[in-house]
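In: Need coordinates for the below:
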Amino acid sequence: MQNGLLLTFVGLYLAATLAVGWWASRKVKTTADFVIAGKNLPMFMVACALFATWFGSETVMGASSEFAQHGILGVIEDPFGAALCLFLAGLLIARPLYNLKILTFNDFFRLRFNKAAEITSACFMVPSYFSWITAQIIAMAIILQSISGLEKHWGVLICTSLVLVYTYIGGMWSVAVTDFIQTIIIIIGMAALAVEMVLRVGGWDQMIASAPPNFFQFFPDANPPDSIAWVAAWMTIGLGSIPQQDVFQRVMSAKSENTSVRACYTSGVMYLSIAMLPLIICFCGRILYPELLEGDTQMMIPTMVLQHSGPGMQILFFGALLSAILSTCSGAMLAPATVIGENLVRPLFKQVTDAQLLQIMRLSVVFVAVITGTMALMRHNIYELVGESSALSLVSLFTPLMAGLYWRRASSGGAIMSMLAGMAVWLLTMLLLPEQEQTDPAATGWQIWLGIPPMLYGFAAGIAGMLIGSYIFPDKQKAVR
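Out: Below you'll find the predicted structure:
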């Protein structure tokens, strides 16, 4: 009976999401409406959309799982690195990119460098989203399975279809409006559950006193392997997700340059504070129900709510969780689709009307949905999938983007060499470095070099490629308009 009530609510919620997406789709007339909401969104709506970029399955299920097992040091990547990304987006990219007449990051690569840099960057950016979207679809399917017994493959099909439909019809307008509503639901649901769990434990002081030794340690131990891993965790999302199209679209959808910057800073504060709620919830669950640590810790919070909460709290929590995942997944699905349409398909034709480009982008949404839905049937670990996504963009796109914005001598040859070198070295070191030595805290001497995370080698190779390529193949200086 209780599960039937919850399942009914979930069905109504998903139907309401489709209805809101359809309503918002009426505003889509041009590709600019579809990609960046016509640059018409107010500050708080942009901030909610930016907040929703990261607050998804990885935060509620992946990060909380890591926190339950490893404490604060296990979640530096998210939420701390993710909040850093939002602050840096306001500091580094919002102002210089806002007034450019571009729809994607890759358009900037064409204006600043050349078409080859545009296409190369697009080829690297598109696959960086597949793991991220897959993680969200898996999470939604797991939730449906936990509350209804629905097999995973059916859950994947339903969830992929739902996100596809309202992203296809409404683009960024649907994403922004649903993100705004979903953010409110997230805050209410997570805050209510966090308060209830802290009270069950016996209060804040009792909760802190129950922590294992060093559970709330923020800085790593004083040895090179731990320090390197800590820095890498900050960089994975903190820097790696700056050159991501979903962040760009939300930043550029603001109604003014100042609105865009303020929205970035506001969303960073929102994320860092609200993302602590699932960590608190999970930590309380660790104290009250330690047996849940023996199962799939990604499902610790949903299982705890289903087994130890009443129907009212279940509805609040699962409403918040579905909101978090849907808002993240829709924006993530839209991002590579716009890059495919604008930067990979459009150049193949001599002339494409705006209406035709809009249709190409919508068909690209279908393509992305098929790829990620298929991947969701074959993968499981949410936290690993998210890390893969951000590391790919860090090694290939961050350096040429920053150099293009802030180094006058950055050239198209340097940009392409940076992308290729960063990606090649990252893939090579992932293949060659033994996993056990990458995480060995007792490593010394040459073992420290083997223990450096592969993405840091890729990141260093990208910087070297930019420097060498720009000096060997200089461009004539040109202004970006």
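
In: mind checking which helix or strand T183 is in?
Out: Using DSSP states H and E, T183 sits within helix 152-201.

In: pLDDT averaged over that helix, what's the number?
Out: For helix 152-201, the mean pLDDT works out to 86.

In: And stretch 328-336, by the same measure?
Out: Stretch 328-336 comes out at a mean pLDDT of 87.

In: what comes into contact with it?
Out: With contact meaning Cβ atoms under 8 Å, 6 or more residues apart in numbering, stretch 328-336 is reached by 35, 49, 52-58, 125-126, 129-130, 132-133, 136-137, 140, 159, 163-164, 166-167, 171-172, 174-175, 178-179, 244-246, 248-250, 364-365, 368-369, 372. All C-beta atoms are positioned from the backbone trio N, CA, C, and that covers glycine.

In: could you redo the last one with a cut-off of 7 Å?
Out: 52-53, 55-56, 125-126, 129, 132-133, 136-137, 163, 166-167, 171-172, 175, 178, 244-246, 249, 365, 368-369 (Cβ atoms under 7 Å, 6 or more residues apart in numbering).

In: among the residues you listed, which are in strands?
Out: Judged by DSSP state E, strands contain none of the contacts of stretch 328-336.

In: circling back: export the next helix or strand after the helix holding T183 to CSV, keeping only CA atoms.
Out: Helices and strands here follow DSSP H and E; after helix 152-201, the next one along the chain is helix 204-209. This file holds the C-alpha atoms of helix 204-209, laid out as CSV (Å, rounded to 0.1, in the frame of the first residue of the first chain):
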residue,chain,number,x,y,z
TRP,A,204,24.3,17.8,15.9
ASP,A,205,26.8,17.3,18.8
GLN,A,206,26.0,13.6,19.2
MET,A,207,26.3,13.2,15.4
ILE,A,208,29.8,14.7,15.4
ALA,A,209,30.9,12.8,18.4
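
In: Mind listing what's buried along helix 204-209?
Out: By neighbour count on 16 or more other Cβ atoms under 10 Å, the buried set for helix 204-209 is M207.

In: quick one: contacts of it?
Out: Contact with helix 204-209 is made by 198, 201, 283-284, 287, as judged by Cβ under 7 Å, 6+ apart.

In: change it to 8 Å
Out: Contacts to helix 204-209, defined as Cβ under 8 Å, 6+ apart, come from residues 198, 201, 216, 280, 283-284, 287.

In: what residue ranges in the stretch 351-481 of the chain score low on pLDDT?
Out: By pLDDT under 70, the low-scoring segments of the stretch 351-481 of the chain are 379-389, 434-451, 477-481.

In: again, 80 this time
Out: 378-390, 433-451, 476-481 (pLDDT under 80).

In: my guess is G71 meets P220, correct?
Out: No. In this structure, G71 is not within contact of P220 by Cβ atoms under 8 Å, at 11.7 Å.

In: Overlap in contacts, the two.
Out: With Cβ under 8 Å, 6+ apart, G71 and P220 have no common neighbours.

In: which residues of the stretch 251-400 of the chain fall in helices?
Out: 257-274, 276-288, 300-308, 311-339, 354-376, 382-393, 399-406 (DSSP state H, counting those that start in this stretch).

In: about what we covered before: helix 311-339 and the helix holding T183, what's the angle between them?
Out: Orientation of helix 152-201 against helix 311-339 (axes from the mean of the first three to the mean of the last three Cα atoms, to 10 degrees) gives an angle of 130 degrees.

In: chain center to helix 152-201, what's the gap?
Out: Its chain's average C-alpha position is 14 Å from that of helix 152-201, according to Cα atoms, centre = their mean, to the nearest Å.

In: Can you show me the CA trace of stretch 120-128 as PDB?
Out: What follows is stretch 120-128, C-alpha atoms only, in PDB (Å, rounded to 0.1, in the frame of the first residue of the first chain):
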ATOM      1  CA  THR A 120      38.700  18.800 -32.900                       C
ATOM      2  CA  SER A 121      37.300  20.300 -29.700                       C
ATOM      3  CA  ALA A 122      33.800  19.100 -30.600                       C
ATOM      4  CA  CYS A 123      35.000  15.600 -31.200                       C
ATOM      5  CA  PHE A 124      36.500  15.600 -27.700                       C
ATOM      6  CA  MET A 125      33.600  17.400 -26.000                       C
ATOM      7  CA  VAL A 126      30.700  15.200 -27.200                       C
ATOM      8  CA  PRO A 127      31.900  11.900 -25.800                       C
ATOM      9  CA  SER A 128      32.800  13.500 -22.500                       C
END
